[in-house]
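Engineer: Fold the following for me, if possible:
(one chain, ligands or ions: 2)
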Amino acid sequence: ARRAAVAGWSGPGRTADGHPVEILANVADGASARAAARAPVEGVGLLRTELGFLGRETEPTVAEQAAAYGEVLAAFPGRHVVLRTLDAGSDKPLAYAGPGGEHNPALGVRGLRLSSDDPGLLDRQLDAIAAAAAATGGEAWVMAPMVATVAEAEGFAARVHRRGLKAGIMVEVPSAALLAHRMLQVVDFLSIGTNDLAQYAMAADRSAADLAYLTDPWQPAVLQFVAITADAGLHARKPVGVCGEAAADPLLACVLVGMGVGSLSMAAAAVRPVGARLSTVTSQQCEDAAEAALSADDPQSARAAVRALLG
Ligand code: PEP
Ligand code: MG
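Structural biologist: Ligands and ions are numbered 1, 2, ... in the order given. Model (predicted):
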């Protein structure tokens, strides 16, 4: 029956009782955005802008960047596209951005931190995004990766708002989750990156296969950070989504919705399984599943409890 539901589901995202959940795509460039636009998604929840420029030795010009971002916006006319500013460093090194040679790059100058030494890099990228939005008429939302303090969020939001765009931050550092309510006083939306949030909450390298049991997004401590963030969004009445791998797990997606997450952004391949699963459960079941997952002591018992509730 579940396979039939996957085949039959064609969007938009909603629970069995009609509670809307935006299903969005994670994309890397124009080609992947055009492919994702063929799936039943309502927009883009994460454009990883660094992925389009991984092989470059030098910074792409504002015009080159605007063309690249414009392709993604053009693939989703009339729908919103969340562009993430450069997340260079650690697992995504860029030759033209970042200090390099750091002893511990995952905890180093990466993501938004690059802009304290080199504000021009971020300003040129924001100029390119604003130009692409103006040229395509697209609805560009802009967010920063690796934000740890309210001051960082405030500084970033000011630069984005100056260009007339919506500003948000990724919640992928535990400090940002704990301060989500404060962050929401200075930004328009939050997007939870469970891949890094798990890495930093559990002090375990996300790329180490032998530590995957710790970086499992079903870890109750990781889920607590997600719940705190989702709750802050409900109180502030501002959008909070999840764009990490957790959103691509159909069972965990139900838990996230039960916590109050309003959008789920994922690789295009996960869209139908997640959308179909959500369409079979009520919002009350999702809330019960969230409570059960949060009160488990480990990922295995969290999964088992949620499976027992959702079938
Ligand atoms: C995340 O950290 O969960 C995320 C979505 O960003 P990335 O995987 O690109 O670090
Ligand atoms: Mg991340």
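
Engineer: What confidence value was assigned to the most centrally placed residue in the chain?
Structural biologist: In the chain, the centroid-proximal residue (C-alpha atoms, centre = their mean) is Cys243; its distance is 2.6 Å. Looking at Cys243, its pLDDT reads 98.

Engineer: what's the spacing between it and ligand 1?
Structural biologist: Here Cys243 is placed at a distance of 5 Å from ligand 1 (C-beta to the nearest ligand atom, to the nearest Å). C-beta coordinates here come from the backbone N, C-alpha and C atoms, glycine included.

Engineer: try Ala25
Structural biologist: Distance from Ala25 to ligand 1, by C-beta to the nearest ligand atom: 12 Å.

Engineer: what residues are up against that residue?
Structural biologist: The contact partners of Ala25, taken as C-beta atoms under 8 Å, 6 or more residues apart in numbering, are 33, 36-37, 39, 41, 43-45, 265-268, 271.

Engineer: what pLDDT does the closest residue in space to Ala37 that isn't next to it in sequence get?
Structural biologist: Leaving out its chain neighbours, the residue that sits closest to Ala37 by C-beta to C-beta, 6 or more residues apart in numbering is Ala75, at 4.7 Å. pLDDT recorded at Ala75 is 98.

Engineer: Now do the end-to-end distance for stretch 158-171.
Structural biologist: This stretch, stretch 158-171, spans 18 Å end to end (C-alpha to C-alpha, to the nearest Å).

Engineer: Test my guess that Lys238 contacts Ser191.
Structural biologist: No: between Lys238 and Ser191 there is no contact under C-beta atoms under 8 Å: 11.4 Å.

Engineer: Who has more neighbours out of those two?
Structural biologist: With neighbours defined as other C-beta atoms under 10 Å, Lys238 and Ser191 compare such that Ser191 has more, 28 against 18.

Engineer: other SSEs contacting the helix or strand harbouring that one?
Structural biologist: If you go by DSSP states H and E, Ser191 is part of strand 189-192. Secondary-structure packing of strand 189-192 (3 or more C-beta pairs under 8 Å, 6 or more residues apart in numbering; DSSP states H and E): strand 139-144, strand 166-171, helix 220-236, strand 240-242.

Engineer: let's see it at 10 Å
Structural biologist: On a contact count with 3 or more C-beta pairs under 10 Å, 6 or more residues apart in numbering; DSSP states H and E, strand 189-192 meets strand 80-84, strand 139-144, strand 166-171, helix 174-178, helix 180-183, helix 220-236, strand 240-242, strand 263-266.

Engineer: Show the subsequent helix or strand relative to it.
Structural biologist: helix 194-202.

Engineer: and Ala134, which of the three is it?
Structural biologist: helix (DSSP: H, G, I helix; E, B strand; the rest coil).

Engineer: so how many other residues sit close to Arg79?
Structural biologist: By the criterion of other C-beta under 10 Å, Arg79 has 16 neighbours.

Engineer: my read: it touches Thr136, true?
Structural biologist: No: counting by C-beta atoms under 10 Å, Arg79 does not reach Thr136; the two are 11.6 Å apart.

Engineer: That concludes my questions; thank you for your assistance.
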